[in-house]
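Trainee: would you be able to build a 3D model of this:
(one chain, ligands or ions: 2)
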Amino acid sequence: MEEEDDCPELVPIDSQPGPAARQIPVTIITGYLGAGKTTLLNYILTEQHNKRIAVILNEFGEGSALEKSLAVSQAGELYEEWLELRNGCLCCSVKDNGLKAIENLMEKKGKFDYILLETTGLADPGAVASMFWVDAELGSDVYLDGIVTVIDAKYGLQQLKEEKAEGLVNEASRQVALADLTIINKTDLVEEEELNQVRDTVRSINGLVKILETQRSRVDLSDVLDLHSFDCQDGAKLTEKLQLVTPTRPHLDKSILTATFEVTGDLCEDALNTFIQDLLWEKKFCNKAGEPMSVIRLKGIVSFAGKAHQVMLQGVHELYELNETPQLWEENPHTNRLVFIVILYFLSKYHKISQNTLKSVIVTEMRTCLRKEPGQEHPAGDFYFCCCDGWS
Ligand SMILES: Nc1nc2c(ncn2[C@@H]2O[C@H](COP(=O)(O)OP(=O)(O)OP(=O)(O)O)[C@@H](O)[C@H]2O)c(=O)[nH]1
Ligand SMILES: [Zn+2]
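Mentor: Ligands and ions are numbered 1, 2, ... in the order given. Got it, this is the predicted structure:
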């Protein structure tokens, strides 16, 4: 049979016939300096799990550290490997080097069941997450399972509040915004009142995230591993989650928030793609000073005309995916739900994006997506915007 020109590279089948090779989940563990990430890793490694877990540490080395420690645990035994990376920053090298190193290692040592990746406390895990996500798309051996952010109960609030130069959002807040799961650790060091404040602040940044509270990062492993956060097979789970999103108020530096939009009807796929690309890639939605609204995480369940199944939308930074889920639409009319966790650069006192501006921008665009033909009437549909009151 003739192959098409643009056919993806064919991979020779040299393995035994049988079920397709299972992809290995990667969980990214992030969190500010000293929050308890390594404690969490050690806890997971030493708990009974019957998994062969590989751990990659992405610590900043002195100067240009060329090696990364890779601990592998198997049946409670720990041994260490060294991953050679081209430079000291995993974000920059993981693409061409890190994954390759993992794959080579698996060839040498046999497959792992699970990979845990601890990023440095100052990292923006978005870059690392994006790379694993893209790579999974390209038929890699691994897939991104979830992003876990550990927060220090005692110093977390201070870290989340930290003021950066105008227009910049601190790393601690970005880490919370991106997370699928947050673990507020070191609860032994704070009173209830302080803990409530940390919890509220985390919630104010990320209205979707699950929050656990721990001492010594002791978690139920089933709460941390195999989250399938990006998995369209779990469409029903996301639908449920999106309905439960907590309205958030802009947190302390008033710059990251969670906004939910609901609209009923069937969306036009092309129009939705254009809207998302304008938002994520073209960065067309700006405040008066021309600073774009920047999306950290985007999730949604949408309905496309002519499709019986729900479609899942996932976005991390500038990457996004629309995938059909196994879930059929039951309710009628169909309710499209989008949740944005966004940075609004309105730190600058003179150039605030107001809640209403954001709302009208998104609503106008969503209405366009609903229009089946240019010039056609908008179908009836209510937009629901969930955000705090009293914010201008
Ligand atoms: N009191 C208290 N201390 C804790 C808890 N969890 C961890 N620690 C301590 O906090 C310190 C930092 O923990 P790590 O696990 O190394 O934190 P980390 O996030 O990996 O730190 P970096 O890699 O340096 O960013 C260690 O001394 C831990 O023993 C806790 O629940 N309570
Ligand atoms: Zn650590």
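
Trainee: name the element the residue in the stretch 201-350 of the chain positioned nearest to ligand 2 belongs to?
Mentor: Nearest residue of the stretch 201-350 of the chain to ligand 2: Ser217, at 10.7 Å (C-beta to the ion). All C-beta spots, glycine's among them, are computed from the backbone N, C-alpha and C. Counting by DSSP states H and E, there is no helix or strand that carries Ser217.

Trainee: same deal with Leu313?
Mentor: strand 309-316.

Trainee: what pairs with that strand, parallel or antiparallel?
Mentor: strand 294-302 (antiparallel), strand 319-328 (antiparallel) (DSSP bridges).

Trainee: what's the most buried one of these?
Mentor: strand 294-302 (a mean of 23; mean count of other C-beta atoms under 10 Å).

Trainee: CA atoms only: put it into PDB for me.
Mentor: In PDB, the C-alpha atoms belonging to strand 294-302 read as follows (Å, rounded to 0.1, in the frame of the first residue of the first chain):
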ATOM      1  CA  SER A 294      -2.000  35.000  30.000                       C
ATOM      2  CA  VAL A 295      -3.500  31.500  30.500                       C
ATOM      3  CA  ILE A 296      -1.800  29.100  32.800                       C
ATOM      4  CA  ARG A 297      -4.300  26.300  32.700                       C
ATOM      5  CA  LEU A 298      -7.500  25.800  30.700                       C
ATOM      6  CA  LYS A 299     -10.000  23.100  31.000                       C
ATOM      7  CA  GLY A 300     -13.400  22.500  29.600                       C
ATOM      8  CA  ILE A 301     -16.100  20.300  28.300                       C
ATOM      9  CA  VAL A 302     -17.700  21.400  25.100                       C
END
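
Trainee: now what about the strand holding Leu313, what contacts it?
Mentor: 126, 129-130, 133, 178, 230, 232, 235, 238-239, 276, 280, 295-304, 320-329, 338 (C-beta atoms under 8 Å, 6 or more residues apart in numbering).

Trainee: surely the residue of the stretch 201-350 of the chain closest to ligand 2 meets Thr39?
Mentor: Yes - using C-beta atoms under 8 Å, Ser217 is in contact with Thr39, at 4.3 Å.

Trainee: which one's more surrounded, those two?
Mentor: Per other C-beta atoms under 10 Å, whichever of Ser217 and Thr39 has more neighbours is Ser217, with 23 against 18.

Trainee: tell me, what's the model's pLDDT at the closest residue to Cys232 other than its chain neighbours?
Mentor: With C-beta to C-beta, 6 or more residues apart in numbering as the criterion, Cys232 has its nearest non-adjacent residue at 3.8 Å, and that residue is Asn323. Looking at Asn323, its pLDDT is 90.

Trainee: with Ile301 instead?
Mentor: 92.

Trainee: would you map the strands across this structure?
Mentor: Here the chain has its strands, by DSSP state E, at 24-31, 53-57, 67-74, 77-84, 114-118, 142-152, 181-185, 210-213, 256-264, 294-302, 309-316, 319-328, 335-343, 384-386.

Trainee: ranking these by mean pLDDT, which is last?
Mentor: Among these, strand 384-386 scores lowest, with a mean of 34.

Trainee: just to check, Thr119 is in contact with Val26?
Mentor: No - if you go by C-beta under 8 Å, Thr119 and Val26 don't touch, sitting 11.7 Å apart.

Trainee: neighbouring contacts of stretch 207-221?
Mentor: Against stretch 207-221 from outside (C-beta under 8 Å, 6+ apart): 36-37, 39-40, 43-44, 47, 49, 150, 153, 176, 179-188, 195, 199, 202-203, 223, 241-242, 245-248, 258, 260, 297, 299, 339, 341.
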